[in-house]
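*Asks:* Give me a 3D structure for the following:
(one chain, ligands or ions: 1)
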Amino acid sequence: MVKVRFFTVALIALLTAAGCKKEAPEVAGSAPVPVAEVPAAAAFKDTTVFLLDSIRKGEGPFNLMERLRVDRQLRQRVLYALANEADLTTLKVGEKFAAVYNMDTTRILEFIYYEDLLTTHRIRILRGADSVTVDHVLDEKPSRVRHQLIRGALNAGTLDAELKDMGMPPRVAQLAMNVLECKISFRSDARIGDKFELLMEETIYTDTVDGAAVEHVLNGRTQLLYVMYAGERVKGLHAYKYFDGDKSSYNAHYTEEGEALVFLGLRYPLDKIHVTSPYGMRRHPVTGQNAMHHGIDYRAAVGTPVYAVAEGRVTKSTFDELSGHYIAVRHNDGYSSYYMHLSKKSVAVGALVKARQVIALSGNTGRSGGPHLHFGFKQPNGTWMNPGSKRMIATPKLSGDKLDKLGEQIAEIRRIYKELDVPPPAS
Ligand SMILES: [Zn+2]
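*Replies:* So this is what the prediction gives:
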């Protein structure tokens, strides 16, 4: 069993050559994963060594390849071939990979990624006389789609909680919220009795349990084709799922007019939100004059961490007599967020910042009547706007062929309504 011991760093090693008794390998650290959970394992077990491992916290595919002992000079090629076919940018802890070796483990034959229960990507390493090539084989188990319409009115709870109560997977409920929050401020505008409607597309697969066929929903694949919200303070918002092609950055939800509803994480600039002075006309606390207040003041003790509200590029990191130390960040849609009266700035002009990145510590510099953060938002034309009404960082609208394609897909969604025998969304 020398070969097995050689691989004890991996989660599991299978060696079942003729006459060889199957033995549980020694496992360092983690519990072994039952091979039965991995559909392709059985196909390899008689003539090869099969190694299975999964992504651990903070890891990418390279760490895993190292643990699975993929030859250093092959790693890049194998990964490129795989990344062409599967999305490896959002790998989660526990996602499974495998490597298949010849019996004496001198040669890797395949590198495998189990995307989900139905989809397996196999990168085959093919050796010619004097060259090595890699190719990709997609194994897809049969499945079908099922459509489900969810309709309701808001009771006492939040929409998010209500959707989960109705049995919607948390991931899909969150997606619905992200789409709607682009346009709706639930905190101020949701009212009891507001109406909502969602059309889900589920992937169904069949499993055999004790000889009987049992249908399951593959939760990770559930899609939100349509979402609508309308109420007392919100006029109807209709969002349609648009599929532009695999890996297209246009894949998202849109209004019928082609406006993207992508909530790119517009976050609060502080951990604790307490408005001490809202946007609008007011008597200035220092000068006593009536004047327009071009932002929102938040209570913040000197030294409180200040976050960028969305990703963007720092365009100002400077000081003036009125604003004190201040920072401006220009976002992807041309709007800029401003953070004023700071005590310490931690980013320089030109820096790229992410949403929720600490960019400064709040303070009481410039013309300020006490420690606070003044937070402002400027439109691309340079005029101030109420930061409270800024819900999203917009992506460009669909036009031309893409807008036509959206129209076709909306027609398809309406056809599904017909199939479900339900009146389609009002256009
Ligand atoms: Zn202010």
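*Asks:* How about residue 318, nearest residue that isn't a chain neighbour?
*Replies:* residue 326 (6.7 Å; C-beta to C-beta, 6 or more residues apart in numbering). (C-beta placed from N, C-alpha, C; glycine too.)
*Asks:* ok so the one you found is a strand residue?
*Replies:* Yes - under DSSP: H, G, I helix; E, B strand; the rest coil, residue 326 falls within a strand.
*Asks:* Show the contacting residues for it.
*Replies:* 316-320, 338-342, 345, 366 (C-beta atoms under 8 Å, 6 or more residues apart in numbering).
*Asks:* gap between it and residue 361?
*Replies:* Separation of residue 326 from residue 361 (C-beta to C-beta, to the nearest Å): 13 Å.
*Asks:* okay, and the common contacts of these two?
*Replies:* Taking C-beta under 8 Å, 6+ apart as the contact rule, residue 326 and residue 361 both touch residue 342.
*Asks:* give me phi/psi at the closest residue to residue 158 other than its chain neighbours?
*Replies:* Sequence neighbours aside, residue 186 is the residue nearest to residue 158 in space, at 6.7 Å (criterion: C-beta to C-beta, 6+ apart). Here is the backbone geometry of residue 186 (degrees, to the nearest 10): phi -60, psi -30.
*Asks:* The contacts of residue 326 in strands, which ones?
*Replies:* 316-320, 338-342, 345 (DSSP state E).
*Asks:* show me where the stretch 151-300 of the chain has strands.
*Replies:* For the stretch 151-300 of the chain, the strands defined by DSSP state E, counting those that start in this stretch cover 195-209, 212-217, 223-230, 237-242, 252-254, 275-277, 280-283, 290-293, 296-299.
*Asks:* Mean neighbour count, mean pLDDT and distance to the ion for these - can I get that in a markdown table?
*Replies:* Formatted as a markdown table, these follow (neighbours: other C-beta atoms under 10 Å; pLDDT from 0 to 100; distance: least, C-beta to the ion, whole Å):
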| stretch | mean neighbour count | mean pLDDT | distance to the ion |
| --- | --- | --- | --- |
| strand 195-209 | 16 | 92 | 36 |
| strand 212-217 | 11 | 91 | 50 |
| strand 223-230 | 21 | 95 | 32 |
| strand 237-242 | 22 | 94 | 31 |
| strand 252-254 | 23 | 90 | 34 |
| strand 275-277 | 15 | 88 | 6 |
| strand 280-283 | 11 | 84 | 9 |
| strand 290-293 | 12 | 87 | 6 |
| strand 296-299 | 21 | 92 | 4 |
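*Asks:* I'd assumed residue 301 was in a helix, is it?
*Replies:* No - under three-state DSSP, residue 301 falls outside any helix and is assigned coil.
*Asks:* Please name the residues that touch it.
*Replies:* 362, 371.
*Asks:* Just the closest of the contacts of residue 326 to residue 250, please.
*Replies:* Set against residue 250, the nearest of the contacts of residue 326 by C-beta to C-beta is residue 338 (30.6 Å).
*Asks:* what are the bridge partners for the closest one, then?
*Replies:* residue 328, residue 376 (DSSP bridges).
*Asks:* Tally up the residues packed near it, please.
*Replies:* Neighbours of residue 338 under the rule other C-beta atoms under 10 Å: 21.
*Asks:* Residue 301 versus that one, what's the distance?
*Replies:* Taken as C-beta to C-beta, the span from residue 338 to residue 301 is 20 Å.
*Asks:* chain center to whatever helix or strand residue 74 lives in: distance?
*Replies:* Using DSSP states H and E, residue 74 falls within helix 72-83. Counting by C-alpha atoms, centre = their mean, to the nearest Å, helix 72-83 is centred 25 Å from the centre of its parent chain.
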